[in-house]
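Asker: Build me a structure from this.
(one chain, ligands or ions: 1)
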Amino acid sequence: MSLESEIKKRRTFAIISHPDAGKTTLTEKFLLYGGAINLAGSVKGKKTAKHAVSDWMEIEKERGISVTSSVLQFNYEGYCINILDTPGHEDFSEDTYRTLMAADSAVMVIDASKGVEKQTIKLFKVCVMRHIPIFTFINKMDREANDPFELLDEIESVLGIATCPINWPIGCGKEFKGVYDRKEKNVSLFKAAMNGQKEVDTEIVDASDEAVLKDRIGDAFYDKLQEDIELLDGASAEFDQEMVSAGDLTPVFFGSALTNFGVQTFLEHFLSMTTSPLPRKSDQGVIDPFTEDFSAFVFKIQANMNKAHRDRIAFMRICSGKFEAGMEANHVQGGKKIRLSQPQQMMAEERHIVDAGDIIGVFDPGIFSIGDTICKSNKKFTFEGIPTFAPEHFARVRQIDTMKRKQFIKGINQIAQEGAIQIFQEFNTGMEEIIVGVVGVLQFEVLEYRLKNEYGVDIRLEPLPYEHIRWIENPEEIDVNRIVGTSDMKKIKDLKGNPLLVFANSWSVNMVLERNEGLKLSEFGRN
Ligand code: GDP
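Answerer: Presented below is the predicted three-dimensional model:
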């Protein structure tokens with residue numbers, strides 16, 4: 001098969017959800033269809049491993065299938081599908097955001113009884129920034145659920161994206177009767193799959209067959225469905241593939257991952273509506289995925305937690321061409337040719353071709369940084385940088401033993417280079433005071449642990465009250481020293497000297513904008 005047709009079959013997406021909405025359960029059901037595992041049993045209840053262990057590593061251990069902490073792969077009806085993990089639990093960190101940079105689309109899982117939740121909003125914003133297609137699966141319809149119209153309203157108003165329901169639920173909880181397919185105009189009657197069962201022999205009734213449908217769902221639900229259909233046809237957005245591809249319209253599906261109801265329909269529609277690997281922007285123009293020359297960018301660096309092994313794994317998203325173990329390529333930012341050895345972590349060893357859309361993890365002797373470009377062609381280019389995502393927790397950090405200053409500076413810089421933390425300084429002074437910013441508080445613990453274990457440095461963390469950070473977009477146009485602030489605002493700078501503002505309260509951000517004409521602030525920084 002040609003490289004082009006291989007790449008066209010590839011689908012690389014991330015699943016985003018608030019913890020407990022059903023991401024793991026839905027992933028398991030996908031795998032069930034893909035035949036990656038035979039039985040989708042429970043993989044939960046093992047949240048003991050504290051540090052950044054994804055649920056999928058648990059699946060890997062349980063099932064003995066090839067899973068890395070970053071990507072999970074399966075085949076379905078000729079498609080080769082990569083699901084990227086976005087840890088949504090206590091280990092939520094900047095990695096989670098960065099993983100979205102490697103995906104071509106996103107699946108958003110929402111708990112029908114909870115609606116749009118906090119974690120979903122944050123991840124969703126990154127998808128919007130990238131204009132990637134977003135598909136919504138409203139889960140747990142077998143439980144008491146919010147009104148479906150209200151759920152759609154919430155997605156539209158909170159997330160600011162138009163919705164197009166592909167199917168529509170009839171009842172919920174104990175009274176969940178099934179879903180109505182708006183295009184096929186038929187009703188799949190709800191039947192829970194037994195544990196691990198793939199085929200659910202749901203009965204499908206033509207919606208125009210009034211007598212049969214009334215018999216199956218009852219008169220009241222029948223009447224309600226007619227009303228809903230009318231409302232939907234009148235009020236909701238029409239399906240528009242172009243808008244879906246641009247991330248302006250999200251197709252919405254209702255179902256129940258646990259009972260495997262609506263999952264296959266979702267998977268099939270999703271695969272046909274989503275996209276194969278897309279061209280990526282670089283400083284030398286757009287890089288087409290079908291070009292022969294290999295190119296990739298680093299989106300995640302994972303350090304070995306074992307102090308006997310200082311090595312790290314750099315995860316790269318392949319953007320074009322084909323990867324071959326042992327190949328030579330240019331590490332553009334490092335200005336060197338490097339040999340990409342046998343990947344340490346790679347999906348499906350039996351697969352010979354690893355190409356655009358795939359993820360590889362290669363051994364990193366400490367040369368890579370997040371966002372780096374690796375390309376085979378001699379015409380060097382760099383992919384658009386990965387944004388620096390806004391940390392939400394800050395602390396001043398000091399080493400306890402002043403004699404260990406050197407190790408402390410080295411350690412904290414290396415950990416920041418991996419992207420595990422962000423470090424800042426006071427705006428007008430030097431390195432004496434180090435301020436650490438993190439997306440998830442667990443990262444503070446990781447920092448403390450790693451500095452002690454890998455560098456022999458004990459630290460003291462003094463929490464700071466700031467929660468909101470803004471990069472100054474136009475520092476050349478304004479005098480940062482003269483910015484008029486609020487009492488809860490502080491000026492800091494990142495390692496490159498870029499000025500930033502941190503605030504304790506979100507309303508202060510607007511106040512500062514009002515007080516300083518011409519000032520432009522951004523939630524994302526550029527590497
Ligand atoms: P995650 O944290 O998003 O990965 O969520 P999980 O997949 O671990 O699900 C959280 C809990 O919700 C688990 O106890 C699941 O069994 C349960 N759950 C997931 N999907 C459904 C569903 O469709 N219906 C019901 N009733 N429970 C579900």
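Asker: OK, contacts around the residue of the stretch 101-250 of the chain found nearest the ligand?
Answerer: Among residues of the stretch 101-250 of the chain, the one nearest the ligand by Cβ to the nearest ligand atom turns out to be residue 140. It sits 4.0 Å away. In short, each C-beta sits where N, CA and C put it, glycine included. Contact analysis of residue 140 by Cβ atoms under 8 Å, 6 or more residues apart in numbering lists 21, 22, 111, 112, 113, 256, 257, 258.
Asker: Looks to me like the fifth one is in a strand.
Answerer: Spelled out, that is residue 113. No - secondary structure of residue 113, determined by DSSP: H, G, I helix; E, B strand; the rest coil: coil, with no strand assignment.
Asker: Now the stretch 301-450 of the chain against the ligand: closest residue?
Answerer: Taking Cβ to the nearest ligand atom as the measure, the stretch 301-450 of the chain has residue 440 as its residue closest to the ligand, at 15.1 Å.
Asker: sec struct for residue 476, please.
Answerer: Using three-state DSSP as the criterion, the local structure at residue 476 reads coil.
Asker: Helices along this protein, start to end?
Answerer: Secondary structure of the chain, counting by DSSP state H: helices at 3-8, 23-34, 55-63, 94-101, 118-130, 148-154, 210-217, 219-235, 241-245, 263-273, 405-417, 442-455, 507-515.
Asker: Which of the ones you listed comes out lowest on mean pLDDT?
Answerer: Ranked by mean pLDDT, the helices of the chain end with helix 55-63 in last place, scoring a mean of 47.
Asker: Which residues of the stretch 1-150 of the chain lie near the ligand?
Answerer: If contact is defined as Cβ under 6 Å from any ligand atom, the residues of the stretch 1-150 of the chain in contact with the ligand are 17, 19-25, 44, 55, 139-140, 142-143.
Asker: These, buried ones only, as a ChimeraX selection?
Answerer: The buried subset of these, as determined by 16 or more other Cβ atoms under 10 Å, is captured in ChimeraX by this line:
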select :17,20,21,22,23,24,25,55,139,140,142
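Asker: Pretty sure residue 494 sits against residue 500.
Answerer: Yes - between residue 494 and residue 500 there is a contact at 6.4 Å, judged by Cβ atoms under 8 Å.
Asker: residues contacting residue 315?
Answerer: Counting by Cβ under 8 Å, 6+ apart, the residues that residue 315 touches are 70, 102, 298, 299, 300, 301, 302, 345, 359, 360, 361.
Asker: Could you export those residues as TSV, including pLDDT and neighbour count?
Answerer: Compiled in TSV, those are given as follows (pLDDT from 0 to 100; neighbours: other Cβ atoms under 10 Å):
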residue	pLDDT	neighbour count
70	61	26
102	91	26
298	92	25
299	89	26
300	84	25
301	81	22
302	75	21
345	48	18
359	84	27
360	83	24
361	81	22
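Asker: Which members of those are positioned in strands?
Answerer: Within the contacts of residue 315, membership in strands is found for 298, 299, 300, 301, 302, 345, 359, 360, 361, as judged by DSSP state E.
Asker: Can you lay out these as TSV showing distance to the ligand?
Answerer: As requested, those are exported to TSV (distance: Cβ to the nearest ligand atom, whole Å):
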residue	distance to the ligand
298	27
299	22
300	20
301	24
302	21
345	22
359	20
360	25
361	23
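Asker: which among these gets closest to residue 446?
Answerer: Here the nearest of these to residue 446, counting by Cβ to Cβ, is residue 302; it sits at 11.6 Å.
Asker: The closest one contacts residue 362, doesn't it?
Answerer: No - with contact defined as Cβ under 8 Å, residue 302 does not count as touching residue 362 (11.3 Å).
Asker: Common neighbours of these two, please.
Answerer: Shared contacts of residue 302 and residue 362 (Cβ under 8 Å, 6+ apart): residue 313.
Asker: what about the nearest residue to residue 20 once chain neighbours are set aside, how many neighbours?
Answerer: Of all residues beyond its chain neighbours, the one nearest residue 20 is residue 111 (6.9 Å), with distances taken as Cβ to Cβ, 6 or more residues apart in numbering. Residue 111: 21 surrounding residues under other Cβ atoms under 10 Å.
Asker: if I pick residue 111, what's in contact with it?
Answerer: 18, 20, 21, 22, 117, 139, 140.
Asker: now those residues as JSON lines including distance to residue 450?
Answerer: Written out in JSON lines, the entries for these read as follows (distance: Cβ to Cβ, whole Å):
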{"residue": "18", "distance to residue 450": "28"}
{"residue": "20", "distance to residue 450": "29"}
{"residue": "21", "distance to residue 450": "31"}
{"residue": "22", "distance to residue 450": "33"}
{"residue": "117", "distance to residue 450": "31"}
{"residue": "139", "distance to residue 450": "36"}
{"residue": "140", "distance to residue 450": "38"}
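Asker: Dump those residues into JSON lines; add pLDDT as well.
Answerer: Written out in JSON lines, the entries for the contacts of residue 111 read as follows (pLDDT from 0 to 100):
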{"residue": "18", "pLDDT": "86"}
{"residue": "20", "pLDDT": "88"}
{"residue": "21", "pLDDT": "92"}
{"residue": "22", "pLDDT": "91"}
{"residue": "117", "pLDDT": "88"}
{"residue": "139", "pLDDT": "98"}
{"residue": "140", "pLDDT": "98"}
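Asker: List the ones among those that fall in strands.
Answerer: Using DSSP E, the members of the contacts of residue 111 that fall within strands are residue 139.
Asker: residues contacting residue 17?
Answerer: Applying Cβ under 8 Å, 6+ apart, one finds that residue 17 lies in contact with 23, 88, 108, 109, 110, 119, 120.
Asker: Select, from the residues you listed, the two members most distant in space.
Answerer: Among the contacts of residue 17, the pair separated by the greatest distance (Cβ to Cβ) is 88 and 110, at 12.6 Å.
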